[in-house]
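[1] from the sequence below, what's the structure:
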Amino acid sequence: MIKFFLMVNKQGQTRLSRYYEHIEINKRTILEADVIKTCLSRSKEQCSFIEYKDFKLIYRQYAALFIVVGINETENEMAVYEFIHNFVEVLDMYFSRVVSLIVKVIMFNLDKVHIILDEMVLNGCIVETNKARILAPLLILDKMAES
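    Now for the predicted structure:
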């Protein structure tokens with residue numbers, strides 16, 4: 001099960017966070033700071049899977065953005081690693097060439113990024129990976145906004 005999903009820039013600023021289990025706000029900030037410090041301090045040659053306290057961290061870097069997912073021991077690390085890439089591909093499909101400008105796209109379209117993430121993950125479980133199905137509700141909202 002996914003415990004949390006973070007998107008962080010190279011400066012260590014959280015751009016998006018979603019928690020799938022209750023963690024108090026003050027503990028979230030401590031957790032995020034520690035997780036970010038741990039992931040940003042690693043070199044590109046090191047593994048993207050980290051044992052951290054009572055869970056695992058899976059992360060990927062895209063341009064100036066790190067996507068970090070905290071999971072429990074029962075979750076498949078490779079499946080989550082591929083999920084992160086699938087998420088970025090969906091963003092790229094919707095926003096067109098998002099990877100090079102990913103931080104700006106997220107900052108100015110945070111609501112749409114949340115919708116995409118919510119379509120893919122429900123209560124900490126990956127429920128959808130089909131890109132067309134993930135984007136369908138967002139495209140409907142876009143059509144309604146145009147008319």
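
[2] by mean pLDDT, which helix or strand of the chain comes out lowest?
    None of the helices or strands of the chain scores lower by mean pLDDT, DSSP states H and E than helix 102-108, at a mean of 75.

[3] per-residue confidence for I84?
    Looking at I84, its pLDDT is 97.

[4] for N9, that is, sorry about that
    Per the predicted model, pLDDT is 89 at N9.

[5] and the longest helix for the chain?
    helix 77-95 (DSSP state H).

[6] so where's the chain uncertain?
    Along the chain, segments meeting pLDDT under 70 span 97-101, 103.

[7] at 80 instead, please
    96-106 (pLDDT under 80).

[8] the helices in it, which residues?
    25-40, 77-95, 102-108, 110-120, 131-146.

[9] what residues does the longest one touch?
    With contacts defined as Cβ atoms under 8 Å, 6 or more residues apart in numbering, helix 77-95 is touched by 2, 48-49, 56, 58-60, 62, 67, 69, 71, 98-99, 102, 105, 109, 112-113, 116-117, 120, 126, 129, 131, 134-135, 138. Quick note: C-beta positions are derived from backbone N, CA and C, even for glycine.

[10] buried subset of those residues?
    Neighbour-count burial (16 or more other Cβ atoms under 10 Å) applied to these gives 2, 48, 56, 58-60, 62, 67, 69, 71, 98, 102, 105, 109, 112-113, 116-117, 120, 126, 131, 134-135, 138.

[11] returning to what we had before: quick one: the least confident helix or strand of the chain to chain centroid distance?
    Mean-position distance between helix 102-108 and its chain equals 13 Å (Cα atoms, centre = their mean, to the nearest Å).
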